[in-house]
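Q: just need the structure, nothing else, for what follows:
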Amino acid sequence: MDVGPNWLLVTASTGQVASLRVYVWRQLRKLGALYLQQSVCLLPDRPDVVKPVVRLVARVRDQGGQARMLHVRVTDSQEHEALVAEQRAERDAEYAEVVERTPAFLAEIQTETARGRATYAEVEESEADLERFEKWLAGIAARDYFNAPGGAAARAAVQQCRHALADFERAALHADTAGFNRPHSGGKAPLSEDDAAEE
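A: Model prediction:
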């Protein structure tokens, strides 16, 4: 995913429209913008980045703000590497937050298992939590243009959560179906509703 020294210089001034200002900030952060100063940021010059930025610039202008996107080339290799390092550092910080949050997920599953509370409802709740982790990780990876080293640990942490949830789900299945496999008194299988009606 590594890219060359071509960048997009994006400026956006939204005036007093608070909702537009928040929207612009969220969209640029979602793309992994590296802010140089307020309302001025850099992004790698890539087709998948240019397209949403073009839409963003158009929206700001349509709502009365000022915005511009310029294609620039950083000819100083040291400056380019410094920008890349900053991008990687920001992604590493985000990956580290994922890693920091996963132990609580694993601890919750361990606690519920120890309490004998491996149920379908608990599985659903944990599954929703895992989906949030996966969506979060995917969002970071989408803006990780320079392969930040912290990505490996974050992916491993989420994979560990997947394995833990799979084990928890198997335990819930076993607990939920165990009653059907127990022998009944007299060694006879339980009667179905139709059999009972006939008797």
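Q: host element of the residue nearest to Leu43 when sequence neighbours are not counted?
A: Nearest residue to Leu43 in three dimensions, chain neighbours excluded: Leu8, at 4.6 Å (Cβ to Cβ, 6 or more residues apart in numbering). For the C-beta atoms, the positions are set from N, CA and C on the backbone; glycine is no exception. Counting by DSSP states H and E, the element that carries Leu8 is strand 6-13.
Q: near the residue nearest to Leu43, how many other residues are there?
A: By other Cβ atoms under 10 Å, 20 other residues sit near Leu8.
Q: before we move on, what about Ile140?
A: Residues near Ile140, counting by other Cβ under 10 Å, number 21.
Q: residue contacts, it?
A: Contacts for Ile140 (Cβ atoms under 8 Å, 6 or more residues apart in numbering) come out as 91, 94-95, 98, 151, 154.
Q: what is the most widely separated pair among the residues you listed?
A: Arg91 and Val98 (10.8 Å; Cβ to Cβ).
Q: check the contacts of Ile140 against Glu81 and report the nearest one.
A: Arg91 (15.6 Å).
Q: is the closest one in contact with Gly150, as I believe?
A: Yes - applying Cβ atoms under 8 Å, one finds Arg91 in contact with Gly150, separated by 6.7 Å.
Q: quick check, Cys144 in a strand?
A: Quick fix: residue 144 is Asp, not Cys. No - read with DSSP: H, G, I helix; E, B strand; the rest coil, Asp144 is coil and lies in no strand.
Q: just the element for the closest residue to it other than its chain neighbours, please.
A: Nearest non-adjacent residue to Asp144, counting by Cβ to Cβ, 6+ apart: Arg91, 4.6 Å away. Arg91 is part of helix 77-114, with elements assigned from DSSP H and E.
Q: what's the answer for Val72, then?
A: Applying DSSP H and E, one finds Val72 within strand 66-73.
Q: what residue is smack in the middle of the protein?
A: Centroid-nearest residue in the chain: Trp136, 1.1 Å away (criterion: Cα atoms, centre = their mean).
Q: double-check that it belongs to a strand.
A: No - the assignment for Trp136, made by three-state DSSP, is helix rather than a strand.
Q: make residue 1 into 18 and carry on from there
A: Sounds good: first residue 18 from here, last item Trp153.
Q: contacts only, for it.
A: Per Cβ under 8 Å, 6+ apart, neighbours of Trp153: Val115.
Q: pLDDT value on it, please?
A: Listed pLDDT for Trp153 reads 98.
Q: ok, now Asn198?
A: According to the prediction, Asn198 has pLDDT 51.
Q: lowest-pLDDT helix or strand in this structure?
A: The helix or strand of the chain with the poorest confidence is helix 210-215; it has a mean of 47 (mean pLDDT, DSSP states H and E).
Q: what residues are up against the residue nearest to Asp161?
A: 49, 157, 160-161, 163, 165, 167-168 are the contacts of Arg108 under Cβ under 8 Å, 6+ apart.
Q: of those - the most surrounded one?
A: Ranked by neighbours (other Cβ under 10 Å), the contacts of Arg108 are led by Ala165, which has 25 neighbours.
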